[in-house]
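*Asks:* Sharing a model that was predicted from the sequence below.
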Amino acid sequence: MANQSEEQNQEQQQRPIVMVHRLPTFSFSFANRLKTHYHLFDPLDSPDLIDLHRDSVRAIFCVGPSPVTSELIARYPCLEIIVGSSAGVDHIDLRECRRRGIAVTNAGNAFSEAAAEYAVGLLIDALRRVSAGDRFVRAGLWPKAGEYPLGFKLGGKRVGIVGLGSIGSEVANRLAAFGCSIAYNSRKKKPSVPYPYYAKVCDLAVNSDVLVVCCALADETHHIINKDVMTALGKEGVIINVGRGKLVDEKELVQFLVRGEIGGAGLDVFENEPYVPKELFTMDNVVLSPHRAVLTQESFEAIQEVVVANLEAFFANKPLVSPVQNE
Ligand SMILES: O=CC(=O)O
């Protein structure tokens, strides 16, 4: 017996250590799967072990949007990779990773379809007032108030996509099938894309009825949807955000909605999550969602495969599956 547990101990020692930077909802079955290959170590469970493992940690698995700050990175002098499990990596100090030559991976395409269909769902809801109609029926107002106000049709709308990456492209495919015309803004024009390109978001907004925001959050995209863009979009315009809260100047958006200077919004993300400006709670032209766009049973399974594949590739010295370009 003693021998067996010694063997087990040795075997455990030989597994590469992977530091888990976690959320409370981290899946146990996935953790167990990872534990068969790696010595998973969560500093929240055992902070006293941080010093012991300091010089042997080469990989961090970052669950969800837990911040990976330069202070956290500095704890591990031998760190070579941060394996992320989200599409956006704005919670990771990319500048520090660049400085130290630490690779970063993200969710790759694991979440793209889920996020895109959610964006379409928010748009249909904002235009046709599905959630608002639901509230109307549940509140028992139908027999009393009779007619419910008209919404707007999706087909034929001019949709401007801000950020035509893998999520934006999936949004474009879906909305084109609904009969919308598509145009886009992104850092660079994409030669293989048939849709009109606008280098300036304001120009895209002038020529759109709807803006769907799905770009990555970075210094250059912070408040990319600002007062000027909202003015350019106009009174009937609708803003859908499945990217990050800070892509939109939320204070301005609230003011535009309060003054009726914009038509509506569908928001899965907010500047100060989980807090949402209370002015939005009573607006039937606004759909609110608790940052769930990317999460489905299927996408949750897909992300596990991406994480495993990136860890395996790293420890086998093979090319990573979903590296983040960090230049
Ligand atoms: O918002 C979710 C993600 O970035 O994966």
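*Replies:* Looks like it arrived, so ask away.
*Asks:* going forward, measure contacts between C-alpha atoms and count neighbours the same way
*Replies:* Fine.
*Asks:* Start from the N-terminal end of the protein and give the helices.
*Replies:* 2-14, 28-35, 50-53, 70-74, 94-100, 112-128, 130-138, 141-145, 166-177, 201-206, 227-233, 250-258, 297-315 (DSSP state H).
*Asks:* quick one: the shortest one to chain centroid distance?
*Replies:* What it means is helix 50-53. Centroid displacement of helix 50-53 relative to its chain, using Cα atoms, centre = their mean, to the nearest Å, is 32 Å.
*Asks:* Dump it to PDB, restricted to CA.
*Replies:* Taking C-alpha atoms only, helix 50-53 is exported to PDB below (Å, rounded to 0.1, in the frame of the first residue of the first chain):
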ATOM      1  CA  ILE A  50       2.600  29.600  -4.000                       C
ATOM      2  CA  ASP A  51       6.200  29.900  -2.900                       C
ATOM      3  CA  LEU A  52       6.800  26.200  -3.200                       C
ATOM      4  CA  HIS A  53       5.700  26.200  -6.800                       C
END
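*Asks:* residue of the chain with the smallest distance to the ligand?
*Replies:* Nearest residue of the chain to the ligand, counting by Cα to the nearest ligand atom: S86, 3.2 Å away.
*Asks:* Next up, the contacts around that residue.
*Replies:* Each residue near S86 by Cα atoms under 8 Å, 6 or more residues apart in numbering is listed here: V63, G64, P65, N106, A107.
*Asks:* Same list (the helices of the chain) but as a markdown table, adding mean neighbour count and mean pLDDT.
*Replies:* Shown next, in a markdown table, are the helices of the chain (neighbours: other Cα atoms under 10 Å; pLDDT from 0 to 100):
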| stretch | mean neighbour count | mean pLDDT |
| --- | --- | --- |
| helix 2-14 | 11 | 53 |
| helix 28-35 | 13 | 87 |
| helix 50-53 | 14 | 80 |
| helix 70-74 | 13 | 93 |
| helix 94-100 | 16 | 98 |
| helix 112-128 | 23 | 98 |
| helix 130-138 | 15 | 96 |
| helix 141-145 | 10 | 92 |
| helix 166-177 | 20 | 98 |
| helix 201-206 | 22 | 98 |
| helix 227-233 | 20 | 98 |
| helix 250-258 | 17 | 98 |
| helix 297-315 | 18 | 95 |
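*Asks:* can you redo those as a markdown table with distance to the ligand?
*Replies:* Formatted as a markdown table, the helices of the chain follow (distance: least, Cα to the nearest ligand atom, whole Å):
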| stretch | distance to the ligand |
| --- | --- |
| helix 2-14 | 31 |
| helix 28-35 | 17 |
| helix 50-53 | 27 |
| helix 70-74 | 20 |
| helix 94-100 | 15 |
| helix 112-128 | 8 |
| helix 130-138 | 22 |
| helix 141-145 | 35 |
| helix 166-177 | 10 |
| helix 201-206 | 22 |
| helix 227-233 | 23 |
| helix 250-258 | 17 |
| helix 297-315 | 9 |
